[in-house]
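In: what's the 3D shape of this:
(one chain, ligands or ions: 1)
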Amino acid sequence: MQTDPLCESRIEKPHPVYVPRDEMFEEIKQNTFAAGRLKALLHNLVPQIAATLSSSDIPFKCFSDIDKLYNDGLLLKDEEQNEAKATQALANLMKEVLTVGERLLKYEIPAVISRDRFAWLRDNEFARQALAGVNPVGIQILKEFPILSQLDPAVYGPPESALTKDLIEQELHGMSVNQAIEEKRLFIIDYHDMLLPFVDKINSLSDRKTYASRTILFYNPAGALKPIAVELSLPPTPSKPWDKRVYTQGHDATTHWIWKQAKAHVCANDAGIHQLVNHWLRTHSSMEAYIIATHRQLSSMHPIYKLLHPHMRYTLEINALARQSLINGGGIIEACFSPGKYAMELSSAAYKSMWRFDMEALPADLIRRGMAVEDPLAPHGLRLVLEDYPYADDGLLIWSAIKEWVESYVDHFYSDPGSVMSDVELQAWWDEVKNKGHYDKRNEPWWPKLDTKEDLCTVLAIMIWTASGQHAAINFGQYPFGGYVPNRPTLMRRLIPQEDEPEYEKFLLNPQHMFLTSLPTQLQATKVMAVQDTLSTHSPDEEYLGQVNQLHGHWINDPRVLELSKRFSSKLEDIEKIIEERNKDKRRKNRTGAGVPPYELLLPSSGPGVTGRGIPNSISI
Ligand SMILES: [Fe+2]
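Out: I've put the predicted structure just below:
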């Protein structure tokens, strides 16, 4: 194949991707913990898992096969002498959750099943995870009916959804769709338009099958949110110009199993979008443009450089590592997540269709999704439509604390009117973020201006929130929720059998077999669990929001800034107490109740390891 002589070629291992010196991991990070662990995992453990399982890469045959990963562990093959050494190095690194010792790889029981072994099977848990799980940013209010696709009908068929009024009303206990919409009781997780253009491509990959899903959820008068219908779409073909199937929870054994299968397909859609869009694109990648512009345009003495400095730590290096070993062609993300080799294409398409700087502010995102409405009298200026929405409820506390800190800091340095406009470094910085960092979107009308100090505060709050609270909410629940494959399969390998297909009879005879053989294989699952575990780990030298590392604290040499910084820290300590109280409040069913885990992803502090809590200052894993 002819290659464009002007295009860049990738840097192959063992050469590392270039990262500026002051962005590189410090020794403790490099040699000892999370990132070192990620390297060890990718270079030693994953190949060993592959060597152990690839000759017999089979699906899980029964649920106890999955349990064995936590109870008995996986005996790694020791093919070469020197692997024993590598395994010992791994054993030293992976003490907390993954136990690797004497060639035995053992996983910790993930939080999602540690309190309640069967919660993942229930509809209310499915809905709870949409509000308090690892991807709490997909749910939106259903604003209008009928549901229509925006895709080109010439390619993707008629725009109407198969989710008709009649069908939904069967699940509304006597309420009409109009009334339910009016009372803000209907919600949707809609991956139709984002995924349908990829479905044929994904389904042509071997051993991988997907649909584009829509899930309708109903907040019933008893105060419980539940999924009531799932629509799974395939692109039109000449013989089937409209291929959309609707599944509901059902009341008999057959529909119950099919419903479970349909929900698993939704979870696989969700896992792909979470990883490629909400995690990689909207946090890791987005920060890069801000970091590069900050280094290029602001002097290290500039007050905004100093403010942003703790929020840029290690991000370029972790992204370089991810590009080389996680999201690379043929890498783990492609091997284990449903979009396969189209993973980056999906991420880019989402950037084109939905990424907007101004919507990365938590309040703006909640309002865009209809999950909150503006209310000047409410705290934070907005009211949640679903009060018990832990991510949003705790997130707004963090967002407001960041905003307040930024406002006080900016006020201190930009007291003169016009001082933001006349700051040439700052204007060049914002210009670079928009025009170079986001060249393709440079002419979008939604870019905030940078004329006043209020403009500056909004821009900075978005950047700091993205690096801290948003990334923490999206990142550190990966193993706690994804570590049990049936709860959150990262891909599906079979479509749901139709009644006229031979597979259907096999399904009736052994539905559990169909369910388990649709999930990732044992090799895919163990690889992805090891990666999710590592990505959910805090390093012992992690710097949390509101904390300033002694080594980096020299920038606060202004007593006023020191005072403001302390105020921010104590605000975060107060927030931690508020969240802990919320987690004990029995009225909050999405964080309390029999077997229900508390929502801790936005608790600011944490110890090292996989804790499912803690907001680091920056994206470093
Ligand atoms: Fe991350």
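In: count of neighbours near residue 216?
Out: Counted by other C-beta atoms under 10 Å, the residues lying close to residue 216 total 26. All C-beta spots, glycine's among them, are computed from the backbone N, C-alpha and C.
In: The chain should start at 82 in everything you say after this.
Out: Right, with 82 as the first residue, what we last looked at is residue 297.
In: Leaving out sequence neighbours, find the closest residue to it.
Out: What sits nearest to residue 297 in space, not counting adjacent residues and going by C-beta to C-beta, 6 or more residues apart in numbering, is residue 310, at 4.6 Å.
In: for the helix or strand hosting the one you found, packing partners?
Out: Remark: residue 310 resides in strand 306-315, with elements defined by DSSP states H and E. The helices and strands touching strand 306-315, judged by 3 or more C-beta pairs under 8 Å, 6 or more residues apart in numbering; DSSP states H and E, are helix 204-213, helix 246-250, helix 273-284, strand 293-300, strand 324-329, helix 334-354.
In: could the ones you listed go into a markdown table alongside distance to residue 362 and mean pLDDT?
Out: Listed next are the helices and strands packed on strand 306-315 as a markdown table, based on distance: least, C-beta to C-beta, whole Å; pLDDT from 0 to 100:
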| stretch | distance to residue 362 | mean pLDDT |
| --- | --- | --- |
| helix 204-213 | 20 | 98 |
| helix 246-250 | 32 | 96 |
| helix 273-284 | 12 | 98 |
| strand 293-300 | 19 | 98 |
| strand 324-329 | 27 | 96 |
| helix 334-354 | 10 | 97 |
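In: For residue 458, find the nearest of the ones you listed.
Out: Ranking the helices and strands packed on strand 306-315 by their distance to residue 458 (criterion: C-beta to C-beta) puts strand 293-300 first, at 23.1 Å.
In: Residues contacting that closest one, please?
Out: Under the criterion C-beta atoms under 8 Å, 6 or more residues apart in numbering, residues 208, 211, 220, 223, 228, 242, 244, 249, 252-253, 261, 265-277, 280, 306-315, 346-347, 350, 467 lie in contact with strand 293-300.
In: can you do 6 Å?
Out: Taking C-beta atoms under 6 Å, 6 or more residues apart in numbering as the criterion, the residues outside strand 293-300 that touch it are 208, 266, 268-273, 276-277, 280, 306, 308-314, 347, 350.
In: Next: stretch 146-159.
Out: Residues from elsewhere that reach stretch 146-159 (C-beta under 6 Å, 6+ apart): 129, 132-133, 141, 184-188, 190.
In: Return the residue of the chain that is most distant from the centre.
Out: Most distant residue from the mean C-alpha position of the chain: residue 497, 40.4 Å away (C-alpha atoms, centre = their mean).
In: what's near enough to touch residue 599?
Out: With contacts defined as C-beta under 6 Å, 6+ apart, the neighbours of residue 599 are 573-575.
In: and the residues you listed as JSON lines, adding pLDDT, secondary structure and neighbour count?
Out: Conversion of these to JSON lines gives the following (pLDDT from 0 to 100; DSSP: H, G, I helix; E, B strand; the rest coil; neighbours: other C-beta atoms under 10 Å):
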{"residue": "573", "pLDDT": "98", "secondary structure": "coil", "neighbour count": "24"}
{"residue": "574", "pLDDT": "97", "secondary structure": "coil", "neighbour count": "19"}
{"residue": "575", "pLDDT": "97", "secondary structure": "coil", "neighbour count": "18"}
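In: show me what contacts residue 305?
Out: Shown here is residue 305, whose contacts under the criterion C-beta under 6 Å, 6+ apart are residue 205.
In: circling back to that earlier point, okay, the helices and strands packed on strand 306-315, which one's buried deepest?
Out: When those are scored by mean count of other C-beta atoms under 10 Å, the highest mean neighbour count falls to strand 293-300 (a mean of 25).
In: partners of that strand in the sheet?
Out: Partners of strand 293-300 in the sheet, by DSSP bridges, are strand 267-271 (antiparallel), strand 306-315 (antiparallel).
In: so can I have a markdown table of these showing mean pLDDT?
Out: Shown next, in a markdown table, are these (pLDDT from 0 to 100):
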| stretch | mean pLDDT |
| --- | --- |
| strand 267-271 | 98 |
| strand 306-315 | 98 |
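In: hmm, back to that, pLDDT at the residue farthest from the centre of the chain, what is it?
Out: Residue 497 carries a pLDDT value of 93.
In: Distance of it relative to residue 240?
Out: Shown here: residue 497 relative to residue 240, a distance of 53 Å by C-beta to C-beta, to the nearest Å.
In: gap between residue 346 and residue 371?
Out: Distance from residue 346 to residue 371, counting by C-beta to C-beta: 36 Å.
In: make that residue 552, sorry
Out: To residue 371, residue 552 is 13 Å away according to C-beta to C-beta.
In: and the residue farthest from the centre of the chain, which of the three is it?
Out: With DSSP: H, G, I helix; E, B strand; the rest coil as the basis, the three-state label of residue 497 is coil.
In: State the phi and psi torsions of it.
Out: The main-chain torsion angles of residue 497 are listed as degrees, to the nearest 10 and equal phi -80, psi 140.
In: In contact with it, which residues?
Out: For residue 497, counting by C-beta under 6 Å, 6+ apart, there are no contacting residues.
In: cool, the one 4 residues further on as well?
Out: If you count contacts by C-beta under 6 Å, 6+ apart, residue 501 has them with 495, 533-534, 537.
In: Am I right that it is in a strand?
Out: No: read with three-state DSSP, residue 501 is coil and lies in no strand.
In: quick one on the thing from earlier: residue 614: which of the strands paired with strand 293-300 is closest?
Out: Among the strands paired with strand 293-300, the nearest to residue 614 by C-beta to C-beta is strand 267-271 (25.8 Å).
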